[in-house]
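Q: pasting the sequence and the predicted coordinates here, then a few questions.
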Amino acid sequence: MNYRIIALSSMLALAALGACTSSGPHKAVPPPQLSMDKIAEGYVRQVLAMGEHDPNYVDAYYGPKAWQDDEKKQKRSLLAILNFNARLQKDIETAPADPNVPPELWALRKRFLRNQLGALEAKARMLDNWKPSFDDESLALYDVSAPFYGREDFSPMLAALDKLLPPGEGTVSQRYNRYLERYAIPADKVEAVMTFAINAARARTLKYFRLPEGERFELSLVNGKPWSAYNWYQGNYLSKIEVNVDQPISVSRAIGLASHEGYPGHHVYNVLLEDQLVKGRGWKEFTVYPLYSPQSFIAEGTADFGVTMAFPPAERLALERQLFELAGFDPAEVETYDAINEAAKPSGNAVLEAARRYRDGSSSLEETVDWLQTYGLTTPERAQQRLKFFDTYGAYIINYSYGEKVIHDYMQRTAGADEPTWAQWRAFFDLLSTPRTPSPLLPD
Ligand SMILES: [Zn+2]
């Protein structure tokens, strides 16, 4: 980085933070050290500024409106964002610690900001025409990269499904989708079933977590989106959960979405960060959530793993039975239905692998669609929705099945047991309510 850029960066940094700039144009005066709270403000402004370049970048924001208005007005260039980022990254290393915060928590805060700013820098470079490979993008934006999967990794899944599914024409994937179709919730019952499932997930979570008073969600059904569901966190403990009804929703999907988007998934994660860190400690960096960042690996991984936390096998089966009745299906089928869905779980890894090969050009569009249908167990329509997701969100897909695996393994190492225990819920609460980054969750 040359001098002119550093000088410009310092001025921008100070201007953005409302500090005075006393250095003259011919004299390089080192900028003053920023406090961690000012670095946090700088980080929030950086994320908001990036949102002016990519409309998907800011997933949630409920911090000071003035910062948002200001960044909208300034519409800083990518170069200005990169320069200010370098300043913030440097200051993190020397910012004085707050003696009122336990040192381990302070270290987590520092690491979180460092990690998030590193990803922001990578994303700014991508918007400025950097085209990394799938794995380089994963590492740069999400702090980890996913293992490879070959066809042979999915043979046991296909063999298991072949045995469990009713015999019939076509491939295992086609038989699987025909079977699921029977349990697609009728359109006029989707809202009632989803609401029931979210409330059940909430009740299971509240057995173990105390959530702040007034936490709540609003559910709406939408069409024409590249995702199947979304949680738009509004602040003040409110989530707006949208479910895309372009494709039929099965009973197991309803349970998955209820836990993933709601309890103890995204809604709970956002509520706990707001309660513990924003309101509890005044840490403003948690009022913003940049989508393409390591935070998403934690958010999606815990949300996917949260399904297992809320509904271990016996509880899942009980809820499936209730939803079957609500949706008008025969509850006698529920055990086979559950076993088939469990057997299909590795298909998530196949979707991840499809994204990598598609993105890196080692699979053509046709090959990707074929792979998605064969190993990802998707219908042709769902395959098109997946492709739209890959085109829009790049390597983001690793945050789901791989995120869940990393969180699952981490929980096994820290709290043991296959079924969720109090110790696991405690460890899970810690994951959701403290600043976390992905790579330290990997085994040594
Ligand atoms: Zn999610």
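A: Now that the structure is in, tell me what you want to look at.
Q: could you give the number of residues near residue 160?
A: By other CB atoms under 10 Å, 17 other residues sit near residue 160. Where C-beta positions appear, they are placed from N, C-alpha and C, glycine not excepted.
Q: which residues of the stretch 301-444 of the chain lie near the ion?
A: Selection of the stretch 301-444 of the chain residues close to the ion by CB under 5 Å from the ion yields residue 303.
Q: could I get the full set of helices for the stretch 101-250 of the chain?
A: Ranges of helices within the stretch 101-250 of the chain are 103-127, 134-142, 155-164, 172-182, 190-206, based on DSSP state H, counting those that start in this stretch.
Q: oh, I was asking about the stretch 251-400 of the chain
A: 251-257, 266-272, 280-281, 294-310, 313-327, 334-343, 347-360, 365-374, 380-393, 398-415.
Q: reformat those as CSV; add mean neighbour count, distance to residue 110 and mean pLDDT.
A: Shown next, in CSV, are the helices of the stretch 251-400 of the chain (neighbours: other CB atoms under 10 Å; distance: least, CB to CB, whole Å; pLDDT from 0 to 100):
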stretch, mean neighbour count, distance to residue 110, mean pLDDT
helix 251-257, 24, 34, 93
helix 266-272, 27, 20, 97
helix 280-281, 13, 14, 96
helix 294-310, 25, 14, 96
helix 313-327, 17, 39, 96
helix 334-343, 18, 40, 96
helix 347-360, 22, 31, 97
helix 365-374, 18, 40, 97
helix 380-393, 16, 28, 92
helix 398-415, 20, 21, 94
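Q: tabulate the ones you listed (TSV), appending distance to residue 245.
A: Formatted as TSV, the helices of the stretch 251-400 of the chain follow (distance: least, CB to CB, whole Å):
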stretch	distance to residue 245
helix 251-257	11
helix 266-272	19
helix 280-281	37
helix 294-310	20
helix 313-327	14
helix 334-343	20
helix 347-360	20
helix 365-374	21
helix 380-393	12
helix 398-415	20
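Q: among those, which is nearest residue 211?
A: The closest of the helices of the stretch 251-400 of the chain to residue 211 is helix 266-272. By CB to CB, the value is 6.0 Å.
Q: so what's residue 330 up against?
A: residue 324 (CB atoms under 8 Å, 6 or more residues apart in numbering).
Q: swap in 10 Å and give it another go.
A: 182-183, 324, 337 (CB atoms under 10 Å, 6 or more residues apart in numbering).
Q: farthest-apart pair in those residues, please.
A: Longest span within the contacts of residue 330, CB to CB: 182 and 324, 11.0 Å.
Q: run through the stretch 151-300 of the chain and note the low-pLDDT ranges.
A: Along the stretch 151-300 of the chain, no part satisfies pLDDT under 70.
Q: and it, which of its residues are near the ion?
A: residue 300.
Q: can you show me the CA trace of the strand or helix carrying residue 92 as CSV?
A: Using DSSP states H and E, residue 92 sits in helix 78-94. The C-alpha coordinates for helix 78-94 follow below in CSV (Å, rounded to 0.1, in the frame of the first residue of the first chain):
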residue,chain,number,x,y,z
LEU,A,78,-14.5,0.2,-2.6
LEU,A,79,-11.0,1.7,-2.4
ALA,A,80,-12.0,4.0,0.4
ILE,A,81,-13.6,1.0,2.2
LEU,A,82,-10.4,-1.1,1.7
ASN,A,83,-8.2,1.7,3.0
PHE,A,84,-10.3,2.3,6.1
ASN,A,85,-10.4,-1.4,6.7
ALA,A,86,-6.6,-1.6,6.9
ARG,A,87,-6.6,1.1,9.5
LEU,A,88,-9.3,-0.7,11.6
GLN,A,89,-7.4,-4.0,11.3
LYS,A,90,-4.2,-2.4,12.5
ASP,A,91,-5.9,-0.7,15.5
ILE,A,92,-7.6,-3.8,16.7
GLU,A,93,-4.2,-5.2,17.6
THR,A,94,-3.3,-2.4,19.9
